[in-house]
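J.: Sequence below, structure please.
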Amino acid sequence: MATEGRVPLLRKSRWLLEIARLDIYPQWIYRQGMAKRNTGKGPLSPAVLHVLLALSTGERHGYGIMKQVEADSQGKVKMGPGTLYGSVARMTDAGLVRECAKRVDPEMGIERRIYYELTGAGRGALKAELTRYRGVVAVAGGRYAYGQ
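T.: Now for the predicted structure:
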């Protein structure tokens with residue numbers, strides 16, 4: 001009796017594994033984090049996308065990234081420190097961003113601020129994500145225009 005209950009569960013878990021392998025929505029982002037070899041495969045999380053966009057114009061410290069995200073989104077996205085630094089840590093591990101030398105913030109005179117910048121892989125991931133978004137918008141625009 002006990003083994004009968006396990007067989008359907010085993011089949012179900014194999015079926016779920018097959019679904020997880022579909023390329024339509026890569027699950028590796030959530031299972032493994034952002035591995036270096038997969039950085040261009042998107043989709044990126046909204047927080048990662050916002051951080052990449054904020055750093056695309058130059059180096060910024062954490063508070064500067066939060067303020068840039070808020071400005072870029074016209075106040076619609078307010079990224080807290082937990083989300084920001086968690087994302088930055090994962091992005092650093094994935095090779096998308098790197099720490100720059102600590103230096104004095106010209107506005108605040110605080111030396112301990114750590115500045116971050118995009119790496120080549122980070123620029124590539126941002127470019128790939130923006131290309132993906134353009135494709136989605138083109139499809140949606142075409143369907144909306146024709147009422148489909």
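
J.: what about the strands in this protein?
T.: Listed in chain order, the strands of the chain (DSSP state E) span 60-61, 97-99, 115-118.

J.: Helices along this protein, start to end?
T.: Counting by DSSP state H, the chain has helices at residues 2-20, 28-32, 46-55, 62-72, 81-94, 120-145.

J.: out of the ones you listed, deepest packed?
T.: The highest average neighbour count among the helices of the chain, using mean count of other C-beta atoms under 10 Å, belongs to helix 46-55 at a mean of 22. In short, each C-beta sits where N, CA and C put it, glycine included.

J.: what helices or strands is that helix leaning on?
T.: helix 62-72, helix 81-94, strand 97-99, strand 115-118, helix 120-145 (3 or more C-beta pairs under 8 Å, 6 or more residues apart in numbering; DSSP states H and E).

J.: what's in contact with it?
T.: The contact list for helix 46-55 (C-beta atoms under 8 Å, 6 or more residues apart in numbering) reads 34, 44, 60, 64-65, 68-69, 72-73, 77, 79, 83-84, 87-88, 90-91, 96-97, 116-118, 122, 125-126, 129.

J.: mind running it again at 6 Å?
T.: With contact meaning C-beta atoms under 6 Å, 6 or more residues apart in numbering, helix 46-55 is reached by 65, 68-69, 72, 83, 87, 118, 126, 129.
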